[in-house]
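[1] One predicted model, sequence on top.
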Amino acid sequence: MAPILLNTMGTDHSDYIEEEVVHVKNPHLDSMEEDILYHFDLGTKTHNLPEMFGDIKFVCVGGSANRMRSFAQFIHQELGLPGDVADIMDICAGTDRYSMYKVGPVLSISHGMGVPSISIMLHEMIKLLHHARCRDVNLFRIGTSGGVGLAPGTVVITDKAVDSFFQPQFEQVVLGKVIIRSTELDKGLAEELLQCSTEIPNLPTAIGNTMCTHDFYEGQGRLDGALCSFSTEEKLEYLHKAYEAGVRNIEMESTVFAAMCHVCGLKAAVVCVTLLNRFEGDQINTPHEVLLEYQQRPQWLVSHFIKKRLGLI
Ligand code: R2B
Ligand code: URA
């Protein structure tokens, strides 16, 4: 779809500005009479998507359904919106695959664990934004990760999302062939988030590369899975190589998130808190209450960003 041009100043066409529309990169979609977003239990014929979602400006995604409900309740309070937080309903209640909450211009969606799970959600979420004719949308993944050489509880804003070979790319197998997509994220958004982090007390924040793996255990060099095919020395050698390549945290969704947003012209950022320092261990043995507090940190940062963007602070 061609970019939509807006004439903001009467008939003088030199004053056209280009709005950031959501591009779906699929020529087949135009010829479909109806689009059923199966895993959201939403559809273009059954729901008025522009009316339900047309005002969305910020989409925040994270792994856990409970965490994304808490985030919706938190941002509702932070934006000072009317109504009771208890009334914020799961829009995807008709399916137990994902949870989705809308709070003013903010959409909060869970994506489960790993690339396949987030990728299905992203296909439907990007089509949702497209069908709803949303404009100027910023996307954030707010999640958890393992830190590489950072104190637990540090918030990492992703510079580059890299694969297990430290390459800034995402490989997708399509019709038996490998397609390689860039995982470039929006630099401006990352810098704005870093600036926001300096305005929040007690929020240790770093910017660095985020490595995305397809497994939590062997795939992240852990010695404590049901299987382990390497020694402690080999694990540490790999983590040191990762550190040298600029990797500061490890998680399981950032590359496909970055790649799909990039192709579709969506400005995106990844903000994950570290739950442990992988140079010091593999098990997550921090007390539950501390982990809960850590998990709120990316939410505080993104909420601050949203409030600034909306002119509330
Ligand atoms: C971070 O935490 C999850 C694994 O525990 C995974 O979804 C991720 O990226
Ligand atoms: N999530 C991950 O993927 N890895 C960790 O070590 C912690 C959280």
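    Arrived safely, thanks for sending. Numbering: from 1, shown residues only. Ligands and ions are numbered 1, 2, ... in the order given.
[2] and residue 254, how many residues sit next to it?
    Residue neighbour count, defined by other CB atoms under 10 Å, stands at 31 for residue 254. C-beta: built from backbone N, CA, C; applies to glycine.
[3] Helix or strand: which one has the closest residue in space to it that isn't next to it in sequence?
    Take residue 254 and drop its neighbours on the chain: the residue closest to it by CB to CB, 6 or more residues apart in numbering is residue 161, 3.9 Å away. Residue 161 belongs to strand 155-162 when assigned by DSSP states H and E.
[4] what packs against that strand?
    Where contact means 3 or more CB pairs under 8 Å, 6 or more residues apart in numbering; DSSP states H and E, strand 155-162 is packed against helix 187-198, strand 205-212, strand 247-251, helix 254-263, strand 267-277, helix 288-309.
[5] The fifth one near ligand 2 at all?
    Translated: strand 267-277. Yes. Contact between strand 267-277 and ligand 2, assessed by CB under 6 Å from any ligand atom, occurs at residue 275.
[6] Kindly report the same for the longest one.
    No. Helix 288-309 stays clear of ligand 2 (CB under 6 Å from any ligand atom), getting no nearer than 10.0 Å.
[7] pLDDT on that helix, on average?
    Mean pLDDT, computed over helix 288-309, is 98.
[8] In three-state terms, label the residue of the stretch 101-250 of the chain found nearest ligand 2 for me.
    Per CB to the nearest ligand atom, residue 146 is where the stretch 101-250 of the chain lies closest to ligand 2, at 2.4 Å. Following DSSP: H, G, I helix; E, B strand; the rest coil, the label given to residue 146 is strand.
[9] residues near it, how many?
    Neighbour count of residue 146, defined by other CB under 10 Å: 25.
[10] repeat for residue 168
    17.
[11] and it, what does it touch?
    When contacts are counted by CB atoms under 8 Å, 6 or more residues apart in numbering, residue 168 is found next to 160-162, 182-184, 209.
[12] same check, this time on residue 126
    22, 24, 260-261, 264, 266.
[13] Phi and psi next, for it.
    Note on residue 126: backbone dihedrals following degrees, to the nearest 10 are phi -70, psi -40.
[14] pretty sure residue 185 is touching residue 157, no?
    No. Residue 185 is not in contact with residue 157 according to CB atoms under 8 Å; the separation is 9.3 Å.
[15] joint contacts of these two?
    Both residue 185 and residue 157 are contacted by 269-270, under the criterion CB under 8 Å, 6+ apart.
[16] show me what contacts the residue nearest the centre of the chain?
    Among the residues of the chain, the one closest to the centroid is residue 141, at 2.0 Å (CA atoms, centre = their mean). Listed by CB under 8 Å, 6+ apart, the contact partners of residue 141 are 60-62, 253-254, 257, 268-272.
[17] again, only using 6 Å
    61, 257, 270 (CB atoms under 6 Å, 6 or more residues apart in numbering).
[18] For it, what is the enclosing helix or strand?
    Assigned by DSSP H and E, residue 141 falls in strand 138-147.
[19] Which neighbours in the sheet does that strand have, and how are they oriented?
    Here strand 138-147 is paired, per DSSP bridges, with strand 58-62 (parallel), strand 247-251 (antiparallel), strand 267-277 (parallel).
[20] Just send the contacts of residue 141 back as CSV, with distance to residue 43 too.
    Output for the contacts of residue 141, formatted as CSV (distance: CB to CB, whole Å):
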residue, distance to residue 43
61, 21
257, 24
270, 30
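[21] How about residue 23: what's its closest non-neighbour residue?
    residue 265 (4.6 Å).
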